[in-house]
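# Any chance you can model this:
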Amino acid sequence: MLKKCTLLQVCLLFFAVTGFSQYSEVLLDYDKHIFANNQVLPAGEDLLVRGKIPSAIEYVRLAIYPEKGIENRKAIHEGSWKKPMEQAGGEYTIPVHYRLRPSTRYDIRLAFYRAASDKEMRALSDRLRYQMEEYLKAQILISGTDIDLDERPKNMREKMESLIHQKLAGYHRALKRQDRIFSDLMLEQLNALQESEVPALKDRQEAALGLLREELVDYLSGTWYTLADERYLDDVPTEDKQGALSINAGYGGVGLAGDSEDDFEYDTSPYVGVSFPFGNSAFSGKFFSNLYLGVGLMLNDLERESGQTFTGPVVGRPIYASFDYKLFQFVYLNAGGVLLERSDEEAPSNALFIRPFVGLSAKINLSIGFDK
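Residues are numbered from 1 along each chain as shown. The predicted model follows:
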């Protein structure tokens, strides 16, 4: 009989299986506007998009859209690369932790940015400041000695921020900061402007405009990138995969209940097997996309405290069937039943029964197909 695995051996098994993880590289030909050699995109794998770029490019953004989706749909995945401070430039790499579906087409946009100069940022700041000042002034309504605003102060702030973000569509900030441009103090100034009277209009308006300029300058401070070039790749196909299976190895426990309801016994064993997707991820929700059906063998016979041993029919080892659910990358929870057979001589030859089991396993995903 095979020796039972220790906890250390199980951990080593997990690390050995998960160690096969790697990226599939996809190379973009910058000048030809295509992926190198017109390659199809790998499906069901983590990708590493690479390519050469002019030395002036410091930031690259990648967006993946469903087929024909660039114009009117949100990206289903986005990634980026920022030039390291000490790197001379010339090449970028963007990891894509999004599994593309097989036999599917996607639209891909790559945007290439260079650092905006101080002169460009000053000109941009001046344009935005002028536009926001004119917008604010246009909202002021005078009726006798009373002042009102054409829109509620909160709506004004939201609209000004929306307009600014639209104007900044071709820019990107080097450091991630909150999208809020104008603070609550700016909102208070707008409220004070709305509640003031004509004699105080000049001072209230100047206070609001002054704070607007200050907060806009603060938002536009630091390093910004400006769009220098972009690439649209339409209807990029992924590879065809006629079928898929996973080889899994894990460790779990099997309930070995006795004749009494009060008895609760179990034994543990490593196991190996194969599993198949429960459904097509292209048409299933998140839950069913992570669900597999598994079958395999326990590597050890199972034993009760009394010494009674259980094996399995046909192959001489317990046979299991399970539902496997992905907890996180490569690690799955397995729950199901084990087909057992008593191995003692007194047991009849057809003494088969099923007991529950639960375990954890690691998987290696494989693709299978058929010769044409």
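# need the helices for this protein, in chain order.
Here the chain has its helices, by DSSP state H, at 7-18, 118-138, 153-167, 184-195, 201-219, 286-289.
# export the ones you listed to a markdown table and tack on mean neighbour count?
For every residue, glycine as well, the C-beta is placed using N, CA and C. Shown next, in a markdown table, are the helices of the chain (neighbours: other CB atoms under 10 Å):
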| stretch | mean neighbour count |
| --- | --- |
| helix 7-18 | 13 |
| helix 118-138 | 14 |
| helix 153-167 | 15 |
| helix 184-195 | 17 |
| helix 201-219 | 16 |
| helix 286-289 | 12 |
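# Make CSV out of the ones you listed and add mean pLDDT and distance to G144.
Converted to CSV, the helices of the chain look like this (pLDDT from 0 to 100; distance: least, CB to CB, whole Å):
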stretch, mean pLDDT, distance to G144
helix 7-18, 44, 75
helix 118-138, 95, 19
helix 153-167, 95, 21
helix 184-195, 93, 15
helix 201-219, 94, 12
helix 286-289, 72, 60
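# What count of nearby residues applies to R342?
Other residues within reach of R342, judged by other CB atoms under 10 Å, total 16.
# make that Y106, sorry
By other CB under 10 Å, the residues close to Y106 number 21.
# what pLDDT does the nearest residue to K159 once chain neighbours are set aside get?
Among residues not flanking K159 along the chain, E151 sits closest, at 7.0 Å (CB to CB, 6 or more residues apart in numbering). At E151, the pLDDT value in this model is 91.
# how much space between E151 and Y135?
For E151, the distance to Y135 equals 10 Å [CB to CB, to the nearest Å].
# any residues in contact with both of those two?
Residues touching both E151 and Y135 by CB atoms under 8 Å, 6 or more residues apart in numbering: K159.
# My guess is S322 contacts L333. True?
No: the criterion here is CB atoms under 8 Å, and S322 misses it with L333 at 9.3 Å.
# Looking at the two, which one has more neighbours?
Taking other CB under 10 Å, S322 and L333 do not tie; S322 has more neighbours (27 against 16).
# What's opposite that one in the beta bridge?
G294, G336 (DSSP bridges).
# and it, what does it touch?
Contacts for S322 (CB under 8 Å, 6+ apart) come out as 273, 275, 293-295, 334-337, 357.
# Would you mind checking these for buried ones?
273, 275, 294, 334, 336-337, 357 (16 or more other CB atoms under 10 Å).
# quick check, nearest of the residues you listed to L256?
L256 has its nearest neighbour among the buried ones among the contacts of S322 in F357, at 10.0 Å by CB to CB.
# measure the residue nearest to that closest one when sequence neighbours are not counted to R173 for me?
Of all residues not flanking F357 in the chain, V254 sits nearest, at 4.2 Å (CB to CB, 6+ apart). Separation of V254 from R173 (CB to CB) stands at 56 Å.
# The two: which has the busier surroundings?
For the pair V254 and R173, the greater number of neighbours falls to V254 (23 against 16), based on other CB under 10 Å.
# I'd say A249 and V274 touch.
No: counting by CB under 8 Å, A249 stays clear of V274, with 10.7 Å between them.
# Who has more neighbours out of those two?
Taking other CB under 10 Å, A249 and V274 do not tie; A249 has more neighbours (19 against 15).
# Show the pLDDT at the more buried one.
92.
# so what's it closest to, chain neighbours aside?
According to CB to CB, 6+ apart, the nearest residue to A249 is V272 (4.9 Å).
# so what's that neighbour up against?
Contact analysis of V272 by CB under 8 Å, 6+ apart lists 247-250, 296-297, 299.
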